[in-house]
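> dropping a prediction and its sequence here:
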Amino acid sequence: MMYHLYIGYQNYSSWSLRPWLLLKHFNIPFTQTVVRVDGKGIKASHRAYSDNGLVPCLHDQNFRVWDSMAICEYLAEQYPAMWPADRQARARARSICAEMHSGFGALRSQLPMNVRLRAKGKANTPEVAADLARIFAIWRNARDMTASNQVAGDYLFGEFSIADAMYSPVIWRLYSYGVQLPDDIARYVDTMLAHPAMQEWEQAAQQEDVFLSFDELIEQFGGVRA
């Protein structure tokens, strides 16, 4: 059995990164198709391979699963190690994934993902600062829980999990926009940036022939699910 994953441009598609990274980390065989995304939301042309007209969409033979969180949950039913083993840690991981899935509007709209962009100084609005403060608190809480459970590993809950995949686009935002980070947060960011699959994603993004300026990026992708 081999999955097939439809994803958007790797330079911009934060939602596509999440299940892609999860599949890569757990060495699950899959093929992929990169499709054009323009930040304008649902596309009729995408409905040929995604029921809701958005990417990512996972094909398990003739069965389709769309939406990043749904794809991650579908995969975790076959690969339970994608969630923390401890019951409370697993519940916390699900909680913070749900918060990432539905929240942080200022971060999404003002600092859209662009792996190749270097635009230091853009992350200076009070709204973005509030989103980042909450994200850093989430990460610290996860690491504290991991330490109290005496679980080894440098990811949010020790071993890499869906939680790390769901927050992976934030890593690229922090890197691309040169956000100044506290030491403990910087260590986690460095851990994620060193992940071989994150580096593979960056290499693919660098090779794409579509590149938008910051203003074009805001116009097309600011706050829009892509």
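Cool, the structure landed.
> hey, which helix or strand in the protein has the poorest pLDDT?
helix 214-221 (a mean of 59; mean pLDDT, DSSP states H and E).
> and Ala152, how close does it get to His25?
As for Ala152, its distance to His25 is 17 Å (criterion: CB to CB, to the nearest Å). In short, each C-beta sits where N, CA and C put it, glycine included.
> between these two, who's got more neighbours?
Set Ala152 next to His25 and count neighbours by other CB atoms under 10 Å: His25 wins out with 19 against 8.
> who are the contact partners of the more buried one?
Going by CB atoms under 8 Å, 6 or more residues apart in numbering, His25 touches Phe160, Ala165, His195, Ala197.
> can you check Arg118 too?
So Arg118 contacts Ser176, Gly178 (CB under 8 Å, 6+ apart).
> with the one 3 residues further on instead?
Applying CB under 8 Å, 6+ apart to Gly121 gives the contacts Tyr177, Gly178.
> so it: helix, strand or coil?
coil (DSSP: H, G, I helix; E, B strand; the rest coil).
> ok, now how distant is it from Ser14?
Taken as CB to CB, the span from Gly121 to Ser14 is 21 Å.
> this protein: strands as residue ranges?
Using DSSP state E, the strands of the chain run over 3-7, 30-34, 57-60, 63-66.
> partner strands of the second one, with direction?
Taking DSSP bridges as the criterion, strand 30-34 forms sheet pairs with strand 3-7 (parallel).
> ok, the nearest residue to Ile96 once chain neighbours are set aside - how many residues close by?
Spatial nearest neighbour of Ile96, excluding adjacent residues (CB to CB, 6 or more residues apart in numbering): Ile138 at 5.0 Å. Neighbourhood size, Ile138 [other CB under 10 Å]: 19.
> likewise the one 10 residues further on?
Summarising burial for Ser148: neighbours were counted as other CB under 10 Å, giving 9.
> what sits against it?
Contacts for Ser148 (CB under 8 Å, 6+ apart) come out as none.
> what's the pLDDT at it?
Here, the pLDDT recorded for Ser148 equals 96.
> what's the spacing between it and Arg92?
Distance from Ser148 to Arg92, counting by CB to CB: 12 Å.
> name the residues of the lengthiest helix in the chain that are buried.
Counting residues, the longest helix found in the chain (DSSP state H) is helix 126-148. Of the residues in helix 126-148, Val128, Asp131, Leu132, Ile135, Phe136, Ile138, Trp139, Ala142, Arg143, Met145, Thr146 count as buried by neighbour count, 16 or more other CB atoms under 10 Å.
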